[in-house]
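Coordinates only, no sequence provided:
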């Protein structure tokens, strides 16, 4: 690992998810890592394409990417350098083998050897199956050829290998290797005539095979009259000649004229029939098979030997023939045996097996961190026993409550949804720890978890993956805080932006801005002195800070400031408030603004938020500027909705003072379809859902203000203002 790593993203494509800038990203595209900053957090609101980013680097269909890693180019078409952990919706099953999750002095080697052993034996079975089929005509377990094998052990091996269901899988490795050790030869080859061997191989299978028929000749010959056999052969040949030359009437041998071909054929056929009538049925069938099958190559000269036997009544030549064929059958079985042994030797099965047996004989050892992670982080968090052990087949297994954990659907694990999400993510982190990929990309790791689970996930990211380059995608400020609290200054922060017409890409957030995101004192320090050189519009700046100032005044027990600011946070109020004075009192008593900003909620409602510029274009606080702009819009929209609904529906604000109660009072009748529609519209808007406690309770100036894209914010603003205008028009028409 280099002292400093850099990842430059040049191209991201997934349908129309990423805007045009990402097709050729030439700026805001660099993610940097070093020894102290192994984590890069890409912060992006929902809708910016965080999950789509993981799908791109997972190489989903219709995705493309191009990145430069330390000077080398990588694309979706070449080497993959990303290990992806999807969000909880993509983690339904803990998939993988135990070796994906566990690393020890011998575990990984054991799994590698077992996998190699299984693969080599599988190749051995497959290759031998092809050899037996193509070279030796051993195609099925019911083959008659197996009857010629005297080696019962070899025969059982071969039968299981040619069996299309088992294909060798029923055989034990130890038995095969023991047989090979006991039957290895010095490598001398048998001497034989290849044509004769081919004849035996091609004519050996089947109970009625030519080889079987020839071997049966000697057994049956005594019951067959030799002259009759010769006569039948002569008649058969004569009929073949007559059929071939049926267009002439003169004999082609003796020059006899005007031959009646059909009559002569009938006589020959009748003659054969008469001979057969005087033979027993078994002899007839035997002769018929010999004459029918012995057509092509005849390297053993069976036809000639048969003729000599019939002419001279010399049965010794038949004895010699059958003895030679039996010798070739024996040589055939030896050739099969040699092929079996040589195929196994070629796969180095014994060497791999010996090494594997040596490894599994050693004690199971796990890396300390793996066991710590499994037992202390996962097991204790879900209050269920997790353990790693070897089963009776020496296979390492991960068990939960004594049941297999891996590759099971989460519904089978008897866990709550939170536990299911937690255990699936933590095992994904365990797998990521052991990957050889250059980058771990994690989508939304703490969503839906409670505080305990969140803290443990943050711990695992920092401590357990401390040597891995991590890219964490999130819209959760809590995650950023948790990472910082677990270990100071452990991550670099980036803002992911993906909106047509804006500054897009992976925008680095400076160290100072990261600090004000995490620390109220740091934020106050910026607001006290450093921010003023960057302020473009003092009115917009102070209005955007109203919610934060109200929350802060409550924390410091300045009730006077809190009550005044409350007047600016309800659209039905008309009182003027001097924000400049309150800012000076709460934040910086020495700051002198260029003017006094004294406004009411009505002034904010009339404020031109669409063209508001809070900080200068070249400001040092890009993320803060965006948060303030969003907060300004949140406040503007809330006040507009409150004012218009109160005015249109005559709502008593002393009784219904909060936005949610105003909405439901304005459209209270459940019987009116239009009211249901109106309630659903306002209650579904992201900019209206967040009550004041978001600013009062955690004093985050960034959240939820950042939890929406600029594009989505503009869309909501247009939709809400248009809806209000329509309500006003409808009210005028009805009146």
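Ah, there it is. Bear in mind the structure is a predicted one, so any value in this text is a computation, not a measurement.

shouldn't residue 493 be in contact with residue 515?
No: taking CB atoms under 8 Å as the contact criterion, residue 493 and residue 515 are not neighbours in contact, 10.1 Å apart. C-beta coordinates here come from the backbone N, C-alpha and C atoms, glycine included.

out of these two, which sits in the more crowded spot?
Shown here are residue 493 and residue 515; by other CB atoms under 10 Å, residue 493 has more neighbours (23 against 16).

how would you label that one: helix, strand or coil?
strand (DSSP: H, G, I helix; E, B strand; the rest coil).

Now it: closest residue in space, sequence neighbours ignored.
Closest residue to residue 493 apart from its sequence neighbours, by CB to CB, 6 or more residues apart in numbering: residue 509 at 4.1 Å.

ok, the one you found - contacts?
43, 493, 494, 495, 517, 622, 623 (CB atoms under 8 Å, 6 or more residues apart in numbering).

From residue 195, how far off is it?
Distance from residue 509 to residue 195, counting by CB to CB, to the nearest Å: 82 Å.

Okay, now the unreliable bits of the stretch 251-400 of the chain?
By pLDDT under 70, the weakly predicted segments of the stretch 251-400 of the chain are 251-258, 260-261, 264-265, 268-296, 306-316, 360-376, 389-396.

if we can go back for a sec, who wins for most neighbours among the contacts of residue 509?
residue 43 (26 neighbours).

With adjacent residues omitted, what lies nearest to it?
residue 495 (5.6 Å).

Bridged to that neighbour, which residues?
Taking DSSP bridges, one finds residue 43, residue 507 as the beta-bridge partners of residue 495.

from memory it sits against residue 625, does it?
No: using CB under 8 Å, residue 495 makes no contact with residue 625, being 11.0 Å away.

Nearest residue to residue 129 in space, ignoring adjacent ones along the chain?
residue 161 (5.6 Å).

hmm, who's touching the helix or strand in which the one you found is found?
Using DSSP states H and E, residue 161 maps to helix 152-162. If you take CB under 8 Å, 6+ apart as the criterion, helix 152-162 is touched by 125, 128-129, 132-133, 138-141, 143, 146, 149, 166-171, 175-176, 179, 336-337, 340.

Of the residues you listed, keep whichever come out buried.
Using 16 or more other CB atoms under 10 Å as the burial test, the contacts of helix 152-162 include 125, 128-129, 132, 138, 143, 146, 149, 167-168, 171, 176, 179, 336-337, 340 as buried.

List the buried residues in the host helix or strand of residue 480.
Residue 480 is located in helix 477-486, with elements delineated by DSSP H and E. Residues of helix 477-486 classed as buried by neighbour count (16+ other CB under 10 Å): 477, 478, 479, 480, 481, 482, 483, 484.

which residues touch that helix?
With contacts defined as CB under 8 Å, 6+ apart, helix 477-486 is touched by 39, 41, 43, 445-446, 454-455, 458-459, 461-463, 472, 474, 490-491, 493, 517-518, 700, 702-703, 706.

Could you turn the buried ones of the residues you listed into a PyMOL selection?
Command for PyMOL, covering only those of the contacts of helix 477-486 found buried under the criterion 16+ other CB under 10 Å:
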select buried, resi 39+41+43+445+446+454+458+459+461+462+472+474+490+491+493+517+518+700+702+703+706
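
helix/strand/coil for residue 561?
Applying three-state DSSP: residue 561 is helix.

hang on, it packs against residue 586?
Yes: look at residue 561 against residue 586 with CB under 8 Å: they come within range, at 6.1 Å.

what touches both of these two?
With CB under 8 Å, 6+ apart as the test, residue 561 and residue 586 both reach 549, 553.

So residue 14 versus residue 470, what's the distance?
From residue 14 to residue 470 the distance is 22 Å (CB to CB).

who's more crowded, the two?
A count of neighbours by other CB under 10 Å puts residue 470 above the other of residue 14 and residue 470, at 23 against 18.

Who does the more buried one form a beta bridge with?
residue 39, residue 440.

what residues are up against it?
So residue 470 contacts 38, 39, 40, 439, 440, 441, 442, 461 (CB under 8 Å, 6+ apart).

out of these, who's nearest residue 679?
Nearest to residue 679 out of the contacts of residue 470 is residue 442 (CB to CB; 38.0 Å).

how much space between residue 653 and residue 664?
14 Å.

My error: substitute residue 583 in the last question.
For residue 583, the distance to residue 664 - CB to CB - is 35 Å.

repeat for residue 648
Distance from residue 648 to residue 664, by CB to CB: 14 Å.

Need the residues that contact stretch 127-143.
145-146, 158-164, 167-168, 201-202, 204-205, 332, 335-336, 339-340, 343.

does residue 644 belong to a helix or a strand, and which?
helix 622-649.

buried ones in the very next helix or strand once past that helix?
The helix or strand immediately downstream of helix 622-649 is helix 659-666, counting by DSSP H and E. Of all the residues in helix 659-666, those buried under the rule 16+ other CB under 10 Å are 659, 662, 663, 665, 666.

tell me what helix 659-666 is packed against?
helix 622-649, helix 673-683 (3 or more CB pairs under 8 Å, 6 or more residues apart in numbering; DSSP states H and E).

So which of the ones you listed is nearest residue 554?
Here helix 622-649 is closest among these (CB to CB), at 16.8 Å.

what's the average pLDDT for that closest one?
Averaging pLDDT along helix 622-649 gives 92.

what's the answer for stretch 63-77, then?
What stretch 63-77 shows for mean pLDDT is 94.

Please work out which residues outside that stretch touch it.
2, 5-14, 55-57, 59, 80-81, 438.

let's see it at 6 Å
7, 8, 9, 10, 11, 12, 13, 14, 56, 59, 81 (CB atoms under 6 Å, 6 or more residues apart in numbering).

Same check on stretch 534-551?
By CB under 6 Å, 6+ apart, stretch 534-551 touches 562, 565, 568, 579, 586, 593, 597, 604, 612-616, 619-620, 628, 631-632, 695-696, 699, 701.

From these, list the buried ones, please.
562, 565, 568, 579, 586, 593, 597, 604, 612, 614-615, 619-620, 628, 631-632, 695-696, 701.

next SSE after the lowest-mean-pLDDT helix or strand in the chain?
None of the helices or strands of the chain scores lower by mean pLDDT, DSSP states H and E than helix 693-698, at a mean of 47. Counting by DSSP H and E, the next helix or strand C-terminal to helix 693-698 is helix 710-734.

now residue 23: how far from residue 17?
From residue 23 to residue 17 the distance is 12 Å (CB to CB).
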